[in-house]
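*Asks:* everything below, folded, please.
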Amino acid sequence: MATEMLHTYMQDHHAGAAAGVDLFRRVAKDHEDPEIRGVVSRIGDETVDDLHSLEELMTLAGTSPSALKDLPARAAEKLGQLKPNQRFAERSPLSDLLELEALTIAVRGKELGFRALLDIGDPRLPRPTLETLVARAVEHGAQLERLRLTCTDALRES
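*Replies:* Below you'll find the predicted structure:
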């Protein structure tokens, strides 16, 4: 039962990571600020590396990604783009802020997932790899928070 739960947990995190990668790529392409686009692009590339690391960990644990979970998660990320944003023909200034918040939430989920795998102490999952992944997620979160703070001006009344 515990192994089945671990497999489900890892597959769920893989689905979230797959959707997160799509979100990173979209924000890196669409964000208004070129500096933020650059940082988000780099973190997105590193998130792809983290996804591959998760896949390696899944193999070590005897499981694999689930297309039945990955596809709906990725579709949900695409559907999230259709939200009303007070603008019809142009990008809302709120989009930059909301997207950075979504990326921050995604990175926090990644951190928590790797921490949980670290906490269970499964001998199949190399502790140094998990520690590195947790540390990188924490650093990504700090970088995204700095970027997010630069976008809160959209909330000030003109």
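*Asks:* who's in contact with D33?
*Replies:* Applying C-beta atoms under 8 Å, 6 or more residues apart in numbering to D33 gives the contacts D96, T150. (Glycine included, C-beta is placed from N, CA and C.)
*Asks:* so what's the backbone phi/psi at it?
*Replies:* When quoted as degrees, to the nearest 10, the phi and psi of D33 stand at phi -90, psi 120.
*Asks:* so L125, which state does it fall into?
*Replies:* Applying DSSP: H, G, I helix; E, B strand; the rest coil to L125 yields a three-state assignment of coil.
*Asks:* okay, now it: neighbour count?
*Replies:* The tally of other residues near L125 (other C-beta atoms under 10 Å) stands at 19.
*Asks:* give me the pLDDT for L79.
*Replies:* L79 is assigned 56 on the pLDDT scale.
*Asks:* for D22, same thing?
*Replies:* Model confidence at D22, given as pLDDT, is 87.
*Asks:* please pull out the lowest mean pLDDT helix or strand from this structure.
*Replies:* Using mean pLDDT, DSSP states H and E, the weakest-scoring helix or strand in the chain turns out to be helix 67-79, at a mean of 59.
*Asks:* show me what the following helix or strand past that helix packs onto, helices and strands only.
*Replies:* Along the chain past helix 67-79, the next helix or strand (assigned with DSSP states H and E) turns out to be helix 93-120. In this structure, helix 93-120 makes packing contacts with helix 2-30, helix 34-61, helix 127-149, judged by 3 or more C-beta pairs under 8 Å, 6 or more residues apart in numbering; DSSP states H and E.
*Asks:* which one, of the ones you listed, ends up nearest to E101?
*Replies:* Nearest to E101 among the helices and strands packed on helix 93-120 is helix 127-149; the distance by C-beta to C-beta comes to 6.2 Å.
*Asks:* mean confidence for that closest one?
*Replies:* If you average the pLDDT over helix 127-149, you get 96.
*Asks:* ditto for stretch 49-64
*Replies:* Confidence over stretch 49-64 (mean pLDDT, whole number) is 94.
*Asks:* start the count at 40, not 1, going forward
*Replies:* Understood, numbering begins at 40; the last thing we discussed is stretch 88-103.
*Asks:* now it: buried residues?
*Replies:* D89, L90, S92, L93, E94, L96, M97, A100, T102 (16 or more other C-beta atoms under 10 Å).
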